[in-house]
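1. Sequence unavailable; structure follows:
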Ligand code: FAD
């Protein structure tokens with residue numbers, strides 16, 4: 001049985017981006033993913049654009065899962081957004097705490113994603129599918145790995161159906177995290193988030209910001225390619241293909257690809273791995 005896949009997008013900002021995303025949805029949709037998810041800007045800044053992208057995905061005949069972050073929001077705000085999704089027949093959501101843009105007031109009625117999960121479950125009932133975020137290399141604001149893991153387990157117990165991890169390049173970090181989460185009673189699937197090397201410089205910045213380790217040998221090779229984009233592409237594909245192979249062999253229950261709204265690398269990875277419908 002092939003490993004289930006899902007794809008993540010960000011809501012486009014321009015009409016050109018909207019059209020491009022529709023084309024990418026068709027290309028990746030041919031692989032029959034479980035769902036496409038769409039991120040939600042800090043503090044609700046992309047509320048309408050996220051909804052619009054989700055509606056485009058649903059109109060194209062695919063399951064769509066909006067991300068929803070709660071920090072800085074009131075219960076009333078969140079209830080309103082959930083009601084909009086319910087009215088559009090959306091029942092899948094990625095529930096997050098989120099990060100407030102710096103300088104924004106912190107007033108809000110939710111402190112942690114676990115509170116959002118509990119709120120969605122209480123107000124929407126059991127028919128919603130709720131995913132949450134997991135951090136195999138520890139959430140960057142958390143100093144103690146054991147505490148982060150316990151908070152993650154509590155979040156799952158609050159009513160989540162599954163988790164998607166932050167991206168990582170070290171399969172052992174993922175396997176260790178899953179093993180430790182199981183010891184704390186987490187039984188739901190924990191799906192690895194896979195970030196292809198769309199653009200090495202940008203991915204390295206994300207990794208630095210989010211406390212994700214890029215192995216030194218990968219960094220050195222990537223930096224050595226300088227402007228050789230073909231070399232970067234080929235090497236990056238090999239690294240990520242091997243990572244995915246290890247994850248699949250080790251029993252990962254699915255793979256969630258961070259697409260950055262681009263299809264070529266993800267299509268090539270899925271082709272190499274034999275993933276998705278053909
Ligand atoms: P939480 O699970 O609430 O954890 C946040 C921090 O609080 C952690 O350090 C945790 O250890 C700590 N904590 C949790 N509970 C407690 C407690 N009871 N007491 C004390 N400390 C506690 N961001 C966006 O803005 N939009 C998106 O669309 C988006 N999508 C994402 C998708 C994925 C798959 C991932 C992995 C991340 C995504 N993010 C997104 C980033 C995310 O919002 C940030 O990482 C944010 O800092 C934490 O969100 P969370 O839901 O993981 O928070």
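-> The structure has been received and is ready for your questions. None of these values were measured; they are calculated from a predicted model.
2. How many neighbouring residues does residue 173 have?
-> 18 (other CB atoms under 10 Å). Glycine gets a C-beta too; all of them are placed from N, C-alpha and C.
3. Surely it is in a helix?
-> Yes. The assignment for residue 173 by DSSP: H, G, I helix; E, B strand; the rest coil puts it in a helix.
4. Ramachandran angles for the closest residue to it other than its chain neighbours?
-> Among residues not flanking residue 173 along the chain, residue 136 sits closest, at 4.2 Å (CB to CB, 6 or more residues apart in numbering). Per-residue torsions, residue 136: phi -60, psi -30 (degrees, to the nearest 10).
5. do the same with residue 193
-> Dihedral pair for residue 193: phi -90, psi 130, per degrees, to the nearest 10.
6. now it: how far from the ligand?
-> 5 Å (CB to the nearest ligand atom, to the nearest Å).
7. What residues does that residue make contact with?
-> By CB atoms under 8 Å, 6 or more residues apart in numbering, the contact list for residue 193 reads 8, 164-168, 256-258.
8. of all those residues, which two lie farthest apart?
-> Greatest spacing in those, by CB to CB: 8 and 168 (15.0 Å).
9. Near the ligand, which residues of the stretch 1-150 of the chain are found?
-> Counting by CB under 6 Å from any ligand atom, the stretch 1-150 of the chain comes close to the ligand at 39-40, 42, 67, 69, 94, 96-99, 112-114, 133, 139, 141-142, 148.
10. can I assume residue 176 is in contact with residue 138?
-> No. Contact criterion CB atoms under 8 Å: residue 176 and residue 138 do not qualify, at 11.2 Å.
11. part of a helix, is residue 237?
-> Yes. Counting by three-state DSSP, residue 237 falls inside a helix.
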